[in-house]
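Undergrad: sequence first, predicted coordinates after that:
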Amino acid sequence: MAERRRGENLEQAILEAAWLEMSEHGYAGLTMERIAERSGTSRPVLSRRWATRAELAVAAIRQQMGKHSLAVADQGDVRTELLEFLKRASQRAFGIAAAFTLFSSEYFSESSSVPKDLRAALAQGEARHLTAILERGVERGQIERERLIPPVASLLSDLFRYHVIMNFAAPPEALQQAWVDAIFLPLVQGGLRGQ
């Protein structure tokens, strides 16, 4: 007899099964019964962890995206770090695209949410990685703190997300470089650019 999975092992198996089910059948075809069967557990086990299939679907996408860390080590240069951040984000573009292609309006009516809520659920805690890069840039004198107003501080993430949602693909490296060099750095460096 096979040993029963518990705790983290069981949760990972369930999330993996949910991801595969969504990949094969879309959100509309996602059922708790099929996920339970595929993960070798029961529907009540799923229901104890996730109240709705919408919650389980978001958790499955977050798990897949979590396989690709956004954390960027200090490299001594804000431009290098920003480009590395975008490169890492590109490895998770599938998760963003999946969220907006797999989830039909059925998801939004079922969960009483709007796309902004889904984005917040998927990005929970992720802003800290870009914030760390920007803070290091300020500490090194490569970014002017007063220029990091909220719409500017989130601009690279917003551009990235928009591109992925509109194209269902990560932005090409040349476009990422253009965002950093022609748009973002001029906004946050101000008088520092000529130095």
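TA: Arrived safely. Numbering: from 1, shown residues only.
Undergrad: mean confidence score for the helix or strand harbouring T80?
TA: Assigned by DSSP states H and E, T80 belongs to helix 78-90. Confidence for helix 78-90, expressed as mean pLDDT, is 96.
Undergrad: which outside residues touch stretch 115-125?
TA: 58, 61-62, 65, 95-96, 99-100, 103, 107-108, 111, 161 (Cβ atoms under 8 Å, 6 or more residues apart in numbering). From N, CA and C alone the C-beta is placed, and that goes for glycine too.
Undergrad: now do the buried residues in it.
TA: L118, R119, A121, L122 (16 or more other Cβ atoms under 10 Å).
Undergrad: which pair of the residues you listed spans the longest distance?
TA: Pairwise distances among the buried residues of stretch 115-125 were taken by Cβ to Cβ; the largest, 7.3 Å, belongs to R119 and A121.
Undergrad: what residues sit buried inside the longest helix along the chain?
TA: The longest helix of the chain (DSSP state H) is helix 7-25. Residues L10, E11, A13, I14, L15, E16, A17, A18, W19, E21, M22 are the ones in helix 7-25 that count as buried (16+ other Cβ under 10 Å).
Undergrad: please apply the same query to stretch 136-154.
TA: For stretch 136-154, the neighbour count (16+ other Cβ under 10 Å) marks R136, G137, V138, Q142, I143, R147, L148, A153 as buried.
Undergrad: helix, strand, or coil at the fourth one?
TA: For Q142, the secondary structure call by DSSP: H, G, I helix; E, B strand; the rest coil comes out as coil.
Undergrad: report the contact partners of Q12.
TA: Contacts of Q12 (Cβ under 8 Å, 6+ apart): Q63.
Undergrad: same thing with H25?
TA: H25 touches R34, counting by Cβ under 8 Å, 6+ apart.
Undergrad: coming back round to it: could you point out which element follows the longest helix of the chain?
TA: Counting by DSSP H and E, what follows helix 7-25 is helix 32-39.
Undergrad: which elements pack onto that following helix?
TA: helix 7-25, helix 43-49, helix 53-66 (3 or more Cβ pairs under 8 Å, 6 or more residues apart in numbering; DSSP states H and E).
Undergrad: 7 Å instead, please
TA: helix 7-25, helix 43-49 (3 or more Cβ pairs under 7 Å, 6 or more residues apart in numbering; DSSP states H and E).
Undergrad: still on that earlier bit, show me which of the buried residues of helix 7-25 is closest to L82.
TA: Of all the buried residues of helix 7-25, W19 has the smallest distance to L82: 29.4 Å, by Cβ to Cβ.
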